[in-house]
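[1] Need a 3D model of the sequence below.
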Amino acid sequence: MDRLGVIYFPNGSLLQPEHQRKLNEFYGKIYQRLELIYKASHDGFDAATFHSFCNNQGPTMTIIQSNNNYLFGGYTSIPWTSDGSYKNDTTAFLFTLINPHHISPTKYLINPDKIGNAVYHHNDHGPIFGSNHDIL
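    Model (predicted):
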């Protein structure tokens, strides 16, 4: 909750209010309220479970916490599927919130030459961002 009394990410536990504000800034809507639809540590880490919760959901913000408590992820406007194909998404981006290099929270736009491979949807994998599977 911030000083205005806004709960940014109800039922979430990874993000501090400053992280949510930064994600809203990256997304372009300052007062956007995200909804938690899947949490691997609660729902399960396997691809089938990810797809059972996330297919046909979108746009989505994938937030990942590493074993070292670093926070990073990606955004896609394309609803997730299991069809085994790359998707074109001109609005997709990657981001870092907490990282080992002490880089400030940063949004990384998609390479214009790679827009057609912004995300990869496959039933054997959870969320995949980038043509080189930059986040897998």
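[2] tell me what the lengthiest helix in the chain is packed against?
    Ranked by number of residues, the top helix in the chain under DSSP state H is helix 17-27. If contacts are counted by 3 or more CB pairs under 8 Å, 6 or more residues apart in numbering; DSSP states H and E, helix 17-27 sits against strand 60-65, strand 71-76, strand 93-98. Heads up, the C-betas are built off the backbone N, CA and C, glycines and all.
[3] Work out the sheet partners of the second one and label each with its direction, please.
    Using DSSP bridges, the neighbouring strands of strand 71-76 in the sheet come out as strand 60-65 (antiparallel), strand 93-98 (antiparallel).
[4] and Asn123, which of the ones you listed is closest to it?
    Comparing the strands paired with strand 71-76 by their distance to Asn123 (CB to CB), the top pick is strand 60-65, with 16.8 Å.
[5] what's that closest one in contact with?
    14-15, 23, 27, 34, 37, 54, 71-76, 79-80, 127, 129, 135 (CB atoms under 8 Å, 6 or more residues apart in numbering).
[6] of these, buried ones?
    14-15, 23, 27, 34, 54, 71-76, 80, 127, 129, 135 (16 or more other CB atoms under 10 Å).
[7] min pLDDT across those, which one?
    Ranked by pLDDT, the buried ones among the contacts of strand 60-65 bottom out at Ile135, which has 74.
[8] Disregarding residues adjacent in the polypeptide, which is nearest to it?
    Leaving aside its chain neighbours, Ile135 sits nearest to Phe129 (4.3 Å; criterion: CB to CB, 6 or more residues apart in numbering).
[9] just checking, that neighbour touches Lys114?
    No: contact status for Phe129 versus Lys114: not in contact, 10.4 Å apart, counting by CB atoms under 8 Å.
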